[in-house]
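J.: no sequence on this one, just coordinates:
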């Protein structure tokens, strides 16, 4: 990776020599003699690295370090000086420099240092690119809404995220409880620690206990080695328990103890361990009702019910259906290398009229299917699942419908039965340009 490098030194010979050495390695160099020019270069260029002399005529180079970083937090600053001391080195690092060179230095030192920083910047760029890709590709990577109640819910979630309180997420299946749990973790001070997700119905109680708390070798048949468990693995972070209503009574008691005292034991081990882990739980059933019926521990319910967020079903926020559908379309276009332009008016009306019992998850799946199966420029009703738009029998000659409806259905059937536009146009008795215009008109 070739770098954009700033040299700040009031000695012309040093600037010239250092620039020659760096340019020989393929880097772009911008050499200045004072702090003001350095700040000017930094304000209108994207710089990767800077060599800063500590003794400049008008200004101390030490003061230039935070000034450069405030404008470009990613810039890697190397201090160069003929007056080296431990005190100045420590102070330079404290202010944000990443390395320290004493004059005179060799060209080999410069080469190795810039290679290391080039690799560092390359890795940083890759991480940023991967993060951007994840944000774009994951349909659930962002929370957006035009619904007033949902906006209030997001605001409450942000406030809850800043605390250490246990959060209980309630709502129908598919409303986005997992997405909210991840958002709360990423909004919290624990964002840079692990988030562990455990689906409580996914495994039997004995295996779930081992999954949560860990086990020691020989604790049960098949335990051939120690396992730390999810709680230990997300130390300092967040544990998300999805569908906690399915937790077995024996595990409910152990989880209650952990929430209250932050203590637990691994399966087969009497040693008491501690962990600093925040709990977020989710349920699509009424936990309070289950507690009253004796199916869920009442004391555990009250421990979980510190901050409760109830996510509304998608049918209660119809204003979000269209922007969500468009976002999902863009995402699945990228994933499947398609270029669908949008939805026909008829299709969008069908999406808005449907009640979405499966909520956001069902909408996501419907759009993914439509993108994969769609052949035209826009998604049509026929690209959607039958549950969303029940298919009626197609019109035929003699039905009380317009000619355009008959024409559309006939063109659609011919296109579906042929392998190319040329073949379809030949069967229809029109040229390809006319067929292309008809497809555009009908959204095929």
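T.: Structure's in. What do you need? Small disclaimer: the values here were computed from a predicted structure and weren't measured.
J.: ok, residue 246 to residue 367 distance?
T.: Going from residue 246 to residue 367 by CB to CB, to the nearest Å gives 29 Å. Where you see a C-beta, it was placed from the backbone N, CA and C, and this is true even at glycine.
J.: Between these two, which is the more surrounded one?
T.: residue 367 (28 against 17; other CB atoms under 10 Å).
J.: Where does that one fall, secondary structure wise?
T.: Using DSSP states H and E, residue 367 sits in helix 359-373.
J.: Any idea how far that helix is from the middle of the chain?
T.: 19 Å (CA atoms, centre = their mean, to the nearest Å).
J.: Return the set of buried residues in that helix.
T.: Neighbour counts over helix 359-373 (16 or more other CB atoms under 10 Å) mark 359, 360, 361, 362, 363, 364, 366, 367, 368, 369, 370, 371 as buried.
J.: cool, and stretch 174-191?
T.: In stretch 174-191, counting by 16+ other CB under 10 Å, buried: 174-185, 187-188, 190.
J.: Ok, stretch 43-61 next?
T.: Applying 16+ other CB under 10 Å to stretch 43-61 flags 47, 48, 49, 50, 51, 52, 53, 54, 56, 59, 61 as buried.
J.: from the residues you listed, which is closest to residue 425?
T.: residue 48 (54.8 Å; CB to CB).
J.: can you pull the contacts of the residue nearest to that closest one when sequence neighbours are not counted?
T.: Spatial nearest neighbour of residue 48, chain neighbours left out: residue 3 (4.1 Å); criterion: CB to CB, 6 or more residues apart in numbering. The contact partners of residue 3, by CB atoms under 8 Å, 6 or more residues apart in numbering, come to 27, 28, 48, 49, 114, 117, 118, 121.
J.: Among these, which one sits closest to residue 83?
T.: residue 49 (22.1 Å).
J.: What does that closest one show for phi and psi?
T.: phi -150, psi 150 (degrees, to the nearest 10).
J.: partner residues bridging it?
T.: Beta-bridge partners of residue 49, counted by DSSP bridges, are residue 5, residue 76.
J.: residues in contact with it?
T.: By CB under 8 Å, 6+ apart, the residues touching residue 49 are 3, 4, 5, 6, 75, 76, 77, 78, 114, 117, 121.
J.: The same query, at a cut-off of 7 Å, please.
T.: Shown in contact with residue 49 (CB atoms under 7 Å, 6 or more residues apart in numbering): 3, 5, 75, 76, 114, 117.
J.: Same check on residue 310?
T.: 170, 171.
J.: pLDDT score assigned to it?
T.: For residue 310, the pLDDT comes out at 94.
J.: now it: how far from residue 276?
T.: Applying CB to CB, the value for residue 310 to residue 276 is 28 Å.
J.: do residue 307 as well
T.: 19 Å.
J.: Settle it for me: which of these two has more neighbours?
T.: residue 307 (18 against 13).
J.: Look up phi and psi at that one.
T.: When read as degrees, to the nearest 10, the backbone of residue 307 gives phi -130, psi 120.
J.: and it, bridged to which residues?
T.: Beta-bridge partners, per DSSP bridges, of residue 307: residue 167.
J.: In this structure it contacts residue 167, no?
T.: Yes. Taking CB atoms under 7 Å as the definition, residue 307 is a contact partner of residue 167 at 5.0 Å.
J.: list residues touching both of the two?
T.: Here residue 307 and residue 167 share the contacting residues residue 160, scored by CB under 7 Å, 6+ apart.
J.: which other residues reach the following helix or strand past the helix holding residue 367?
T.: Using DSSP H and E, the helix or strand that follows helix 359-373 towards the C-terminus is strand 378-379. Applying CB under 7 Å, 6+ apart, the external contacts of strand 378-379 come out as 340, 341, 342, 343, 344, 347, 370, 443.
J.: Narrow those to those that are buried.
T.: Using 16+ other CB under 10 Å, the buried ones in the contacts of strand 378-379 are 340, 343, 344, 347, 370, 443.
J.: Residue 198 belongs to a strand?
T.: Yes. Counting by DSSP: H, G, I helix; E, B strand; the rest coil, residue 198 is found in a strand.
J.: isn't it right next to residue 244, touching?
T.: No. In this structure, residue 198 is not within contact of residue 244 by CB under 7 Å, at 9.3 Å.
J.: Between these two, which has more neighbouring residues?
T.: Between residue 198 and residue 244, counted using other CB under 10 Å, the more crowded position is residue 244 (26 against 20).
J.: So for that one, what's the nearest residue that isn't a sequence neighbour?
T.: Per CB to CB, 6+ apart, closest to residue 244 is residue 281, 4.3 Å.
J.: Repeat that for residue 252.
T.: Spatial nearest neighbour of residue 252, chain neighbours left out: residue 297 (4.6 Å); criterion: CB to CB, 6+ apart.
J.: ok, that neighbour - contacts?
T.: By CB under 7 Å, 6+ apart, the neighbours of residue 297 are 252, 253, 256, 291.
J.: Burial check on the residue nearest to residue 341 when sequence neighbours are not counted, number of neighbours?
T.: Of all residues not flanking residue 341 in the chain, residue 377 sits nearest, at 5.0 Å (CB to CB, 6+ apart). Look at residue 377: counted by other CB under 10 Å, it has 17 neighbours.
J.: circling back: which pair in the contacts of residue 297 spans the largest distance?
T.: 253 and 291 (13.9 Å).
J.: how about the strands in the stretch 201-350 of the chain?
T.: 238-242, 263-264, 273-274, 278-283, 307-310, 342-343 (DSSP state E, counting those that start in this stretch).
J.: what sits up against the fourth one?
T.: By CB under 7 Å, 6+ apart, the surrounding residues in contact with strand 278-283 are 164, 166-170, 177, 181, 184, 190, 238-245, 259, 304.
J.: which residues touch residue 368?
T.: So residue 368 contacts residue 332 (CB under 7 Å, 6+ apart).
J.: ok, residue 327 to residue 342 distance?
T.: Taking CB to CB, one finds residue 327 at 12 Å from residue 342.
J.: thinking again about what came up before, just the strands of the stretch 201-350 of the chain: most buried one?
T.: strand 278-283 (a mean of 25; mean count of other CB atoms under 10 Å).
J.: Partner strands of it and their direction?
T.: strand 167-170 (parallel), strand 238-242 (parallel).
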